[in-house]
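My questions concern the predicted model and sequence given below.
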Amino acid sequence: MGEIENDPDLQEIAEGMAGQARAYLTTTTQVAAGAVPGAALPLLLLALSDVLAAGARLGAVGDVVPVERFEPDPGPDTDLDPLRTAFTRLFDGFDDYVEVTDPLVGPEIGAASLSGDLACVAECLAKGLQHYETGRELEGLWWWQFSYVSLWGERAASGLRVLQSALAHLRLDVEDDVATEAEYDALQT
């Protein structure tokens with residue numbers, strides 16, 4: 001494990017985060033490619049929920065401090081424009097949304113997009129994974145923690161809320177006569 005082998009807690013968190021990052025990147029890539037058209041929203045809801053749970057562990061531990069005070073170059077950034085573009089097409093009609101910019105500061109609202117949220121999370125996770133997979137596990141863990149607190153945690157939480165809301169609308173927004181008939185059928189069985 002290299003840099004963090006002497007700290008089993010950090011090693012466990014790093015291994016778990018690497019697994020969650022890989023799973024998120026795999027799921028989002030498959031969904032964006034259209035591989036699971038009937039399950040896109042539920043799969044993305046699960047992927048974001050899982051990675052947010054892993055991120056919560058990063059927020060709960062003390063600050064991870066890399067040995068070196070500068071970030072080594074992990075190599076070229078992963079090109080996530082195709083992912084963002086595919087999600088923009090997939091979410092046509094409900095990609096853009098408004099959110100409270102900072103609920104602790106005031107009621108100011110801003111514009112956001114689900115495709116941007118999912119791609120932002122992917123970008124941060126991929127960068128940490130680059131460090132991790134090149135043997136700089138502590139640097140990867142630091143990057144995941146720093147970017148969780150400063151960026152991807154918020155984007156994932158916002159995206160999760162939008163996905164849950166979209167799923168709720170799909171399942172609950174039905175015509176009154178259809179809902180009445182379903183209720184009647186449910187009561188009769």
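Nice, thanks for sending it over.

residues of the biggest helix by length in the chain that come out buried?
Using DSSP state H to define each element, the chain has its longest helix at helix 8-32. By 16 or more other Cβ atoms under 10 Å, the buried positions in helix 8-32 come out as 10-11, 13-14, 17-18, 20-21, 23-25, 27-28, 31-32. For glycine as for every other residue, the C-beta is placed from the backbone atoms N, C-alpha and C.

out of the residues you listed, who's nearest L118?
Using Cβ to Cβ, T28 is the member of the buried residues of helix 8-32 that lies nearest L118, at 5.8 Å.

I'd assumed L48 was in contact with that closest one.
No. Using Cβ atoms under 8 Å, T28 is not in contact with L48, being 9.2 Å away.

between those two, what contacts are shared?
Here T28 and L48 have L118 as joint contacts, going by Cβ atoms under 8 Å, 6 or more residues apart in numbering.

quick check, nearest of the buried residues of helix 8-32 to D177?
V31 (33.3 Å).

Roughly how far does that closest one sit from D79?
18 Å (Cβ to Cβ, to the nearest Å).

one step back: and the next element down the chain from the longest helix of the chain?
helix 40-60 (DSSP states H and E).

just the angle between that following helix and helix 8-32, please?
Angle between the axes of helix 40-60 and helix 8-32 is 160 degrees (criterion: axes from the mean of the first three to the mean of the last three Cα atoms, to 10 degrees).

Can you tell me which helices and strands helix 40-60 packs against?
helix 8-32, helix 114-133, helix 137-147, helix 153-172 (3 or more Cβ pairs under 8 Å, 6 or more residues apart in numbering; DSSP states H and E).

mind redoing it with 10 Å?
The helices and strands touching helix 40-60, judged by 3 or more Cβ pairs under 10 Å, 6 or more residues apart in numbering; DSSP states H and E, are helix 8-32, helix 81-90, helix 114-133, helix 137-147, helix 153-172.
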